[in-house]
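K.L.:
Sequence and predicted model, in that order:
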Amino acid sequence: MEMELTTKQIAEINRYLTIKKIDHIDIKLEVLDHIITDVEYLMSSKDIDFEFAFKEVRLKWKQHFTQTSSFYFGVAYSAPKIILDNAKRAFKKSYFILIASYFLPFILFLNFQMKVTGEARNLINGAISIATIAFVILFIYTYYQKSKIKLKTTYSFILKTQFWSFLFLIFPLFGKELIDKNNEFNSVYLGLIFAFICSLLTTRYFYKKHVSVISKYKNV
Amino acid sequence: MGNQKLYKGSLQTIILKLLAQHEKMYGYEITQKVKELTKGELHITEGALYPALHKLEAEGLLDVEVAKVGNRLRKYYKLTEQGAKETANKLAEMQEFLKTMQQLVNPKFSLD
């Protein structure tokens, strides 16, 4: 019959995972259960004590817990390999959509001219500015909501790495206009606005995933 | 044990097939079941199992259920409706693949 680990032994495994920065609940609970079950199995089948069994299991997981970074998130954001691999899988598609959301409008509207009256130009520029402010408020609100939740998930890691998308607003923040006085579209501005909208949608999407994962675990 | 690379491409199909036979399973249970069924020939590592499970879950083929078991929480995986259909497709693909491999590795000679 398999033995069951004591609360103290489980706490030791838990502490080990915390040291290794495996504190994202969607991964941690699964890994914790796996390690506990494996240790219990080894203790019974090989008739060894907890320390030996846990050491053996730690070796199996060692490579999955090493800190690593990815091209998708940048070197500034490192995480244990098992977390990062999961985050990469979830984020990969969004990453390429994000890149396209900047370059497509930028290329399509490069050297684009639009004959508009001064009044219409002011109206369009004004509407874009108001929309930008609304997007910024929603963006900040999303991060505020996230900050209120202390638990971490793979999705909160992704959200943390996407905060820099504020940089897309460098043009609007520095008072540039979408259509200048010569009726020329500022395609860089347009690309950045699209990229920011895309980033905002991505942020909302991952925030909802973060909340849904947490509710799944909290309701147990 | 040297055949691990050959099995790598079939990992998702193996997981789906196991889940089609059991109502729900957890990670460690899957590794042990595979070891038992293959008499130790195939050993699914933690590094291969969890990414595959998470990918299947993200694709909507698996659903997750968290339950308290003893003194800890356990994450169970079960097939969704879409997952059940995909299992049938993947198994058919696998049969076809095995048939082709059989023909390549051990062709039957005939006088025709």
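P.N.:
Arrived safely, thanks for sending.

K.L.:
Can you give me the neighbour number for residue 41?
P.N.:
Chain wasn't specified; assuming chain A. Applying other CB atoms under 10 Å in any protein chain shown, we find 16 residues neighbouring A:Y41. The C-beta positions use only the backbone N, C-alpha and C, and glycine is treated the same way.

K.L.:
sorry, should have said chain B
P.N.:
Using other CB under 10 Å, B:E41 has 13 neighbouring residues.

K.L.:
Report the separation between it and chain A.
P.N.:
In this structure, B:E41 and chain A are 19 Å apart, going by CB to the nearest CB, to the nearest Å.

K.L.:
can you tell if the strand or helix carrying A:S212 touches chain B?
P.N.:
According to DSSP states H and E, A:S212 maps onto helix A:187-218. Yes - Helix A:187-218 is in contact with chain B by CB under 8 Å from any CB of the partner chain, via A:K216, A:Y217.

K.L.:
May I see the buried residues of that helix?
P.N.:
Buried positions in helix A:187-218, judged by neighbour count with 16 or more other CB atoms under 10 Å in any protein chain shown: A:187-203, A:206-207, A:209-211, A:213-214, A:216-217.

K.L.:
wait, what's in contact with A:F73?
P.N.:
Applying CB atoms under 8 Å, 6 or more residues apart in numbering or on different chains to A:F73 gives the contacts A:L84, A:A87, A:K88, A:F91, A:I158, A:T161.

K.L.:
Would you format those residues as TSV with neighbour count included?
P.N.:
Converted to TSV, the contacts of A:F73 look like this (neighbours: other CB atoms under 10 Å in any protein chain shown):
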residue	neighbour count
A:L84	21
A:A87	26
A:K88	17
A:F91	22
A:I158	25
A:T161	18
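
K.L.:
Would you state the strands of chain B in chain order?
P.N.:
Per DSSP state E, chain B carries strands over the ranges B:25-26, B:62-69, B:72-79.

K.L.:
ok, the first one: who's next to it in the sheet?
P.N.:
It refers to strand B:25-26. strand B:72-79 (antiparallel) (DSSP bridges).

K.L.:
by how many degrees do the partner strand and strand B:62-69 diverge?
P.N.:
150 degrees (axes from the mean of the first three to the mean of the last three CA atoms, to 10 degrees).

K.L.:
Let me know the angle separating strand B:72-79 from helix A:187-218.
P.N.:
In terms of direction (the same axes, to 10 degrees), strand B:72-79 departs from helix A:187-218 by 110 degrees.

K.L.:
And the contacts of strand B:72-79?
P.N.:
A:10, A:29-30, A:32-33, A:36, A:217, A:220, B:15-16, B:19-20, B:23-27, B:30, B:53, B:56-57, B:61-68, B:87.

K.L.:
let's see 7 Å
P.N.:
Contact with strand B:72-79 is made by A:10, A:29-30, A:32-33, A:36, A:217, A:220, B:19-20, B:23-26, B:53, B:61-67, B:87, as judged by CB atoms under 7 Å, 6 or more residues apart in numbering or on different chains.

K.L.:
for stretch A:59-67, same thing?
P.N.:
Stretch A:59-67 is touched from outside by A:K20, A:I22, A:I35, A:S78, A:A79, A:P80, A:K81, A:I82, B:E46, B:G47, with contacts defined as CB under 7 Å, 6+ apart.
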